[in-house]
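Colleague: Sharing a sequence plus its predicted fold:
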Amino acid sequence: MATITNNNPLPNTQYLKERLEQLGISDQQNTFTRKWSQASSGKDDEGSITTSEHDQTRDYKLFEADDEGNIIIRYFNLKGQPYRSTKEGTKQSRDFTRKRWRLEREGKGKYHQEAGTSTTPYFPPAIIAKYAAAKFKLDGKGHPPKHPDDCEIKILYLVEGEFKAFKGCMCGIDSIGIPGINGVYNAQGKVHEDIEELIITCKVQKIVLLLDADTLTVTWAEGKDLAFRPSSFASAIKSFRVSLDQLLDKKTLKAVYFMHIKTKYLDEDAKGLDDLLCKYADRVIEIKEDLEQLNFCIKYFDECW
């Protein structure tokens, strides 16, 4: 029986613990420290008003359980501040989160976000740290990074889902999460401004839309339009490529790729990047090297342009 505190049951953390253990995410890695400067005013010994800035910090859990045992996923922008959103029908903004259901809900998918909230990229702490280092190198603003030279991103991978991006970064694969194959864009239909900012500031040379092992899989069902899934993927991939034309024309980006995990890994329970890296934990270097070969990958991935 759950312990009761102030008439509220403690969160059911079993599913959260299982997922973090599967992914190899420690409590320390699950903790994100937000840093900012806050100005305060006072008087000196002569009575003159002075203003000074003090560093402030606050710790957040990146993944935490709600009272139903679902996983709440916190989102932070490139500056390390919580993304804010306004729930449909309300005026007050609050920290943007997404929810990973503990139990499958028919017709509702695996994830949930509040109605009316916008599409938001997921930046793991490793990506936020690289951006901070790049900004400090450019203009000297912000907090000095621990690793000032670790700020450029040669290849940036866009993957579906927060856990895949987080695990990718843990393994040295610079990844950001998107909520779906069309999750690259802002409300105006353009590449999300923060993704573009990351590309420019961290001098991203190549960008990859990396999808799962079931990308080419079509399942037959009575009355089902078998062309819908592949045509949706084709349309999304084409739109992704076209949306980056301006950055390519300006030579900001050198190349754009679409890749997916080889279909055969579906049979080995390695559908997504996180599954692949966890199942073959002893081959992480080999997986990373194959992925970095891009159109010359041969073992774990297929490159489609």
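Modeller: Thanks, I have the structure now.
Colleague: C-alpha only now, for contacts and for neighbours.
Modeller: OK.
Colleague: Start from the N-terminal end of this protein and give the helices.
Modeller: 14-23, 125-139, 162-170, 193-201, 228-243, 245-249, 273-279, 284-292 (DSSP state H).
Colleague: Check the offset of the second one from the chain's centre.
Modeller: When you say that, I think you mean helix 125-139. Counting by C-alpha atoms, centre = their mean, to the nearest Å, helix 125-139 is centred 16 Å from the centre of its parent chain.
Colleague: got a list of contacts for that helix?
Modeller: 32, 77-80, 141-145, 147-152, 169, 174-176, 198, 201-202 (C-alpha atoms under 8 Å, 6 or more residues apart in numbering).
Colleague: Where does the prediction get shaky in the stretch 51-200 of the chain?
Modeller: Scanning the stretch 51-200 of the chain for pLDDT under 70 picks out the ranges 51-54, 88, 106-107, 142-143, 147-148.
Colleague: coming back round to it: buried only: go through the contacts of helix 125-139 for me.
Modeller: 32, 77-80, 145, 151-152, 169, 174-176, 198, 201-202 (16 or more other C-alpha atoms under 10 Å).
Colleague: end-to-end on stretch 179-193?
Modeller: 16 Å (C-alpha to C-alpha, to the nearest Å).
Colleague: Can you give the distance of it from its chain's centre?
Modeller: The answer for stretch 179-193 is 13 Å, by C-alpha atoms, centre = their mean.
Colleague: what comes into contact with it?
Modeller: Under C-alpha under 8 Å, 6+ apart, the answer for stretch 179-193 is 118-121, 160-161, 178, 195, 233, 236-237, 240, 243-244.
Colleague: got the buried residues for that stretch?
Modeller: Applying a neighbour-count criterion of 16+ other C-alpha under 10 Å, one finds 179, 181, 182, 183, 184, 185, 186, 191, 192 buried in stretch 179-193.
Colleague: so can I have a markdown table of those showing distance to residue 73?
Modeller: Output for those, formatted as a markdown table (distance: C-alpha to C-alpha, whole Å):
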| residue | distance to residue 73 |
| --- | --- |
| 179 | 12 |
| 181 | 19 |
| 182 | 20 |
| 183 | 16 |
| 184 | 18 |
| 185 | 20 |
| 186 | 20 |
| 191 | 22 |
| 192 | 20 |
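Colleague: Let me know the closest of these to residue 262.
Modeller: residue 181 (17.5 Å; C-alpha to C-alpha).
Colleague: Residue 65 contacts residue 19, doesn't it?
Modeller: No: look at residue 65 against residue 19 with C-alpha atoms under 8 Å: they stay out of range, at 11.1 Å.
Colleague: Name the residue in the two with the higher neighbour count.
Modeller: Between residue 65 and residue 19, counted using other C-alpha atoms under 10 Å, residue 65 has the larger neighbour count: 22 against 14.
Colleague: what residues are up against the more buried one?
Modeller: Taking C-alpha under 8 Å, 6+ apart as the criterion, residue 65 is in contact with 11, 12, 13, 16, 71, 72.
Colleague: if I look at it, how far off is residue 15?
Modeller: For residue 65, the distance to residue 15 - C-alpha to C-alpha - is 8 Å.
Colleague: overlap in contacts of these two?
Modeller: Common contacts of residue 65 and residue 15 (C-alpha under 8 Å, 6+ apart): residue 71.
Colleague: Would you mind writing the CA trace of stretch 271-289 as CSV?
Modeller: Extracted C-alpha coordinates of stretch 271-289, given in CSV (Å, rounded to 0.1, in the frame of the first residue of the first chain):
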residue,chain,number,x,y,z
LYS,A,271,13.8,-0.8,-33.0
GLY,A,272,15.1,2.6,-31.9
LEU,A,273,18.6,4.1,-31.3
ASP,A,274,18.2,3.7,-27.5
ASP,A,275,17.3,0.1,-27.9
LEU,A,276,20.2,-0.5,-30.2
LEU,A,277,22.7,1.1,-27.9
CYS,A,278,21.3,-0.7,-24.8
LYS,A,279,21.1,-4.2,-26.4
TYR,A,280,24.6,-4.0,-27.9
ALA,A,281,26.2,-2.0,-25.1
ASP,A,282,29.5,-3.8,-25.8
ARG,A,283,29.4,-2.5,-29.4
VAL,A,284,28.7,1.2,-28.8
ILE,A,285,31.9,2.4,-30.4
GLU,A,286,31.3,0.2,-33.4
ILE,A,287,27.7,1.4,-33.7
LYS,A,288,28.8,5.1,-33.4
GLU,A,289,31.5,4.6,-36.1
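Colleague: What residues sit buried inside that stretch?
Modeller: 271, 272, 273, 274, 275, 276, 277, 278, 279, 284, 287, 288.
Colleague: Alright, calling it a day.
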